[in-house]
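K.L.:
Give me coordinates for this.
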Amino acid sequence: MKKNTYAVVYLVLIFMILLVPFAGMTFWATNETAEKTELAEWPKLTVKGKWNEQYLQEMGTYFEEHFAFREKMVTANAVIRSKTVGSAVLDRVIVGENDWLYFKGTLPDYLGKDQLTDRQLFMTVKNLKIMQDYTTARGAQFLFISPFNKNTVYDENMPDRYLKAEENNLARLEPLLTEYEVNYLDLKAPFEEQDKPLYFARDTHWNNEGALLAYQLIMSYFNLPHESYLNVPAEERTDHVGDIDEMLYPTAPTKESNKYYPHSYTTVGDFTDNMDAWIETTRPEKGNRLLMYRDSFGESLLPFMADEFAQGYFSRYVPYNLLQVDQYQPTHVVVERAERTLGNLLTDIPIMTAPIVPMVSGEAVETTTDFSVKKDNDYYYIEGAVDSKYLKDNTEIYVSVHDNALGTTVSYQPFYVSQEDGDGSGYQLYLVDGQLPENLRIEILTMTDGQTSVVYATDLMKNTIQ
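P.N.:
So this is what the prediction gives:
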């Protein structure tokens with residue numbers, strides 16, 4: 001009888017423990033996560049007047065994301081897993097040696113898997129060259145930088161089960177950047193020369209000393225005078241919570257040391273923190289104007305850069321709006337794109353009017369090339385995909401607009417776009433209203449090793465484009 005009593009009590013206790021996450025949702029529901037992701041909403045019984053067949057599944061998802069004490073339980077589970085079997089509970093985190101954490105999204109680069117094709121690398125360089133030419137034509141200096149993945153340089157704490165590849169996208173891209181004369185600053189070599197890591201152990205990004213080095217390299221590249229900070233006292237505080245650490249241990253992250261330097265710039269208008277999507281800064285005693293398109297690596301880089309320019313404009317918006325080059329008339333333009341997101345240069349296509357190139361013409365061929373044109377306010381948006389049979393790794397794509405009334409032709413350079421399946425056949429460009437005549441013919445052309453072909457052509461009346 002006693003044994004039965006103990007068994008009942010044991011089962012009741014287990015049931016109560018299992019019930020806590022559900023019952024506790026009344027008072028302690030999880031409505032925000034460390035990752036700041038959008039959580040599932042309570043499902044609806046009907047959708048568009050019909051029974052929601054996914055109701056039970058969606059309800060399960062809601063519970064998984066909102067159950068009480070979720071962050072504490074996730075943290076406890078992560079601690080147990082990482083300390084016992086040395087693995088992370090999250091698919092996005094790699095637990096390394098010596099308390100180092102790595103973002104799993106960098107693993108394809110590290111292993112050399114799922115890399116950009118040679119065609120896509122060519123397209124990436126061409127897109128950067130288009131941005132550079134657009135910028136320099138308006139009197140500004142252009143620079144492209146790509147902060148490397150932490151395990152590209154600081155790989156000594158990566159688990160032994162991962163074998164580092166000899167080459168990755170950035171390493172393969174760099175020779176092409178030189179060949180096509182894209183202004184590019186290699187950050188890896190200077191960081192490797194330092195006697196200590198300048199990236200956080202439990203974050204994807206560089207620390208403030210790393211940001212300082214990147215700033216010094218950028219300013220030296222532009223040959224601009226700047227503060228070296230060699231004689232500027234810095235305050236060291238153990239207060240940094242790493243983004244990967246917070247993913248893995250949302251309620252018990254390990255704070256890391258970081259150095260803080262004094263700055264004198266001021267922000268203009270609404271400002272929350274350095275991760276705002278748009279930030280304007282000013283320091284009137286300085287000269288020059290900076291326009292910087294950046295990602296999260298720019299959070300700690302921004303204060304150093306802002307201190308050296310009379311006006312600074314920092315954008316995290318994608319696609320890049322290069323029309324801002326005309327609007328703000330910067331003297332210097334920096335495009336900062338993290339190594340792990342280089343592929344986005346083929347999908348987040350900048351907003352700008354397509355550059356005119358010397359007239360391109362060729363013989364017409366039959367293809368299955370796609371084409372569309374639509375009106376977008378004062379712009380005409382042209383996009384499509386060239387028949388892949390007419391593409392090689394180095395094939396150029398052009399768009400020519402012929403005025404059927406006057407007999408004149410203007411050729412334009414579009415951006416290169418990767419399709420959803422990764423095919424490097426896409427093209428995209430904007431033209432302003434005045435660049436399209438009333439009665440026109442549009443041709444899509446390819447040029448491979450000097451051989452030019454018209455792969456698509458259509459006659460249009462401008463007033464029919466919607």
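K.L.:
which secondary structure element contains Met219?
P.N.:
Met219 is part of helix 208-221 when elements are defined by DSSP states H and E.
K.L.:
after that helix comes which helix or strand?
P.N.:
Moving toward the C-terminus from helix 208-221, the next helix or strand (DSSP H and E) is strand 235-240.
K.L.:
Domain-wise, how is the chain divided?
P.N.:
As given by automatic domain parsing, the domain ranges for the chain are 2-68, 103-346, 356-464.
K.L.:
Go through these and find the least confident stretch.
P.N.:
When those are ranked by mean pLDDT, domain 2-68 comes last with a mean of 63.
K.L.:
show me where the stretch 201-350 of the chain has strands.
P.N.:
With DSSP state E, counting those that start in this stretch as the criterion, the stretch 201-350 of the chain has strands at 235-240, 256-260, 266-268, 278-282, 289-293, 311-315, 332-336.
K.L.:
about what we covered before: just the CA trace of the helix holding Met219, in CSV.
P.N.:
Output of helix 208-221 as CSV, limited to C-alpha atoms (Å, rounded to 0.1, in the frame of the first residue of the first chain):
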residue,chain,number,x,y,z
ASN,A,208,35.4,48.4,-29.5
GLU,A,209,39.2,47.9,-30.0
GLY,A,210,38.4,46.0,-33.2
ALA,A,211,36.1,48.8,-34.3
LEU,A,212,38.9,51.3,-33.5
LEU,A,213,41.3,49.4,-35.8
ALA,A,214,38.7,49.2,-38.6
TYR,A,215,38.2,53.0,-38.3
GLN,A,216,41.9,53.7,-38.4
LEU,A,217,42.3,51.5,-41.5
ILE,A,218,39.3,53.2,-43.3
MET,A,219,40.6,56.7,-42.5
SER,A,220,44.1,55.8,-43.7
TYR,A,221,42.7,54.4,-46.9
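K.L.:
which of the domains of the chain sits most buried?
P.N.:
Ranked by mean neighbour count, those are led by domain 103-346 with a mean of 18 (mean count of other Cβ atoms under 10 Å). All C-beta atoms are positioned from the backbone trio N, CA, C, and that covers glycine.
K.L.:
How far does that domain stretch from one end to the other?
P.N.:
22 Å (Cα to Cα, to the nearest Å).
K.L.:
thinking again about what came up before, output the strands of the stretch 201-350 of the chain in CSV; the columns should cover distance to Leu431.
P.N.:
What follows is the strands of the stretch 201-350 of the chain, written out as CSV (distance: least, Cβ to Cβ, whole Å):
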stretch, distance to Leu431
strand 235-240, 47
strand 256-260, 47
strand 266-268, 33
strand 278-282, 26
strand 289-293, 23
strand 311-315, 23
strand 332-336, 22
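K.L.:
between these, which one is nearest to Leu302?
P.N.:
Leu302 lies closest, by Cβ to Cβ, to one member of the strands of the stretch 201-350 of the chain: strand 311-315, at 5.6 Å.
K.L.:
and that closest one, which strands flank it?
P.N.:
Strand 311-315 pairs in its sheet with strand 278-282 (antiparallel), strand 289-293 (parallel), by DSSP bridges.
K.L.:
Ok, which of these comes nearest Asn321?
P.N.:
Smallest distance to Asn321 across the strands paired with strand 311-315 (Cβ to Cβ): 8.7 Å, for strand 289-293.
K.L.:
mind saving the C-alpha coords of that closest one as PDB?
P.N.:
The C-alpha trace of strand 289-293 is given here as PDB (Å, rounded to 0.1, in the frame of the first residue of the first chain):
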ATOM      1  CA  ARG A 289      30.600  64.400 -45.300                       C
ATOM      2  CA  LEU A 290      30.200  60.700 -44.900                       C
ATOM      3  CA  LEU A 291      27.500  58.400 -46.200                       C
ATOM      4  CA  MET A 292      27.800  54.900 -44.800                       C
ATOM      5  CA  TYR A 293      25.600  51.900 -45.700                       C
END
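K.L.:
Could you check the angle it makes with helix 208-221?
P.N.:
Calculated by axes from the mean of the first three to the mean of the last three Cα atoms, to 10 degrees, strand 289-293 forms an angle of 120 degrees with helix 208-221.
K.L.:
Now do strand 289-293: everything it contacts.
P.N.:
Taking contacts as Cβ atoms under 8 Å, 6 or more residues apart in numbering, the residues outside strand 289-293 that touch it are 140, 298, 302, 305-306, 308-315, 320, 324-325, 328-336.
K.L.:
And for stretch 415-428?
P.N.:
Contacts to stretch 415-428, defined as Cβ under 8 Å, 6+ apart, come from residues 117, 119-120, 122-124, 126-127, 130, 343, 346-347, 349-350, 381-388, 391, 397, 399, 414, 429, 444.
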